[in-house]
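S.K.: model this:
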Amino acid sequence: MDNKTRILFIPEAVTAAHVGRCLMLASFLDPRHYEIIFASSYSYQKLVEDKGFAQIKIVKIARSSRNLI
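M.R.: I've put the predicted structure just below:
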């Protein structure tokens, strides 16, 4: 049985800095003790994949209501 603590990062993908800061924090966590998961938009998928973290892809909400159809 795996007793790792799961940590979910959900960075707002407005700029790469939002994702980058979360990646930096995640990189300091010991993978023997923590399961790191990112939920982020497709915009920065490559950054997360390059670090080897699990990823759940989510869709960014449009700023304008006319784009919500």
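S.K.: ok, now which ones touch the residue nearest to the spatial centre of the chain?
M.R.: Centroid-nearest residue in the chain, with CA atoms, centre = their mean: Phe38, separated by 2.7 Å. Residues counted as contacts of Phe38 (CB atoms under 8 Å, 6 or more residues apart in numbering) are 8-11, 19, 22-23, 26, 48, 53-56. Heads up, the C-betas are built off the backbone N, CA and C, glycines and all.
S.K.: mind exporting the C-alpha coordinates of the longest strand belonging to the chain to PDB?
M.R.: In the chain, taking DSSP state E as the definition, the longest strand is strand 34-40. What follows is strand 34-40 as a C-alpha-only set of coordinates in PDB (Å, rounded to 0.1, in the frame of the first residue of the first chain):
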ATOM      1  CA  TYR A  34       4.800  12.900  -1.900                       C
ATOM      2  CA  GLU A  35       2.800  12.200  -5.100                       C
ATOM      3  CA  ILE A  36       2.800  15.500  -7.000                       C
ATOM      4  CA  ILE A  37       0.000  16.300  -9.500                       C
ATOM      5  CA  PHE A  38      -0.600  19.400 -11.500                       C
ATOM      6  CA  ALA A  39      -4.000  20.500 -12.900                       C
ATOM      7  CA  SER A  40      -3.300  23.100 -15.500                       C
END
